[in-house]
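J.: Okay, predicted coordinates and the sequence, questions at the end:
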Amino acid sequence: MRANRGKEDLRGQSHAVVGLILGTLVLAVGGPSWAIDVKLSPEEARKALEAGRAPMEKAASPEDVKKILQQASLVTRVGADPEKDPCGASAILRTKRYRLEAFGRQEAAESKKQKKDVRMPDEFIQKVVDMPNMEVEVQLCGDDEYFAEKADIVFQQKGKNIRPVDLSPADRGRKNDGSGPAYRSRFTARFGYESFDPNAKTTVIVTLQDGQTMQFDADFSQVK
């Protein structure tokens, strides 16, 4: 009896271990590939710097640099694709990784300029890692040069409106060379990381001073 009971205990433990492994695999395969990083370890911060530095080190012309910068803004852009809809409302999410990769590109540019390795001071990197807010740059078009004045923005998640901790005044509209409304403008807002779900599907709602609203969807689980 004791031998049989021992075998049953071993089988039970084996099943538990297999279940734990399978559960972990399901999370790894079925879960999101990433999400906006609220917390970064020193090692993750270094990798983000390297990710920004490496392409810029290989850039051999101003055209290469332009492509790198365009690609960087696309990675964290939500809303309209400027290549397909130049005047569609969109936003660039300046996450911690975005800023660290920008530091990496700056390191590479300065290294080429000074002909020696240039690295950001540790305190600069730590400041980014400790940032409490994510900056959001909203880009949109309207019919007059002051259309974006007093623009407001909220994130809508799970039926709840999340407001920014502060807003910067919108730029005066610039002439739009493409089709659509006559002017383009942009403004920035900062959202506290603790106020929103960094892994949630979100609706970004922009309200203009005349009451007009623009909105677009953003899947934060697809942004680093």
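T.: Alright, I've got the coordinates. Numbers count the residues shown, from 1 in each chain.
J.: so what's residue 183 up against?
T.: 141, 142, 143, 144, 145, 147, 173, 174, 175, 176 (C-beta atoms under 8 Å, 6 or more residues apart in numbering). Using the backbone N, CA and C atoms, a C-beta is placed for each residue, glycine as well.
J.: Filter the residues you listed down to the ones in strands?
T.: Cross-referencing the contacts of residue 183 against strands under DSSP state E gives 141, 142, 174, 175.
J.: now the strands for the chain?
T.: Using DSSP E, strands in the chain cover 77-79, 90-94, 133-142, 152-157, 160-162, 166-167, 174-175, 183-192, 201-207, 213-219.
J.: Can you add distance to residue 46 and mean pLDDT and give these back as a markdown table?
T.: Formatted as a markdown table, these follow (distance: least, C-beta to C-beta, whole Å; pLDDT from 0 to 100):
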| stretch | distance to residue 46 | mean pLDDT |
| --- | --- | --- |
| strand 77-79 | 25 | 94 |
| strand 90-94 | 19 | 96 |
| strand 133-142 | 21 | 96 |
| strand 152-157 | 30 | 97 |
| strand 160-162 | 31 | 97 |
| strand 166-167 | 30 | 96 |
| strand 174-175 | 38 | 92 |
| strand 183-192 | 25 | 96 |
| strand 201-207 | 29 | 96 |
| strand 213-219 | 27 | 94 |
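J.: nearest to residue 106, of those strands?
T.: For the strands of the chain, proximity to residue 106 was assessed by C-beta to C-beta; strand 90-94 is nearest, at 14.4 Å.
J.: partner strands of that closest one, parallel or antiparallel?
T.: With DSSP bridges as the test, strand 90-94 is paired with strand 77-79 (antiparallel), strand 133-142 (antiparallel).
J.: CA atoms only: put that strand into PDB for me.
T.: Provided in PDB are the C-alpha atoms of strand 90-94 (Å, rounded to 0.1, in the frame of the first residue of the first chain):
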ATOM      1  CA  SER A  90      -1.300  59.900 -35.100                       C
ATOM      2  CA  ALA A  91       1.000  60.000 -32.100                       C
ATOM      3  CA  ILE A  92       4.500  59.100 -31.300                       C
ATOM      4  CA  LEU A  93       4.900  57.500 -27.800                       C
ATOM      5  CA  ARG A  94       8.200  58.500 -26.400                       C
END
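J.: give me the low-pLDDT residue ranges for this structure?
T.: 1-34 (pLDDT under 70).
J.: before we move on, the earlier item: may I see the strands of the chain arranged in CSV, with distance to residue 114 as well?
T.: Below are the strands of the chain laid out as CSV (distance: least, C-beta to C-beta, whole Å):
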stretch, distance to residue 114
strand 77-79, 32
strand 90-94, 26
strand 133-142, 29
strand 152-157, 40
strand 160-162, 43
strand 166-167, 36
strand 174-175, 34
strand 183-192, 31
strand 201-207, 40
strand 213-219, 39
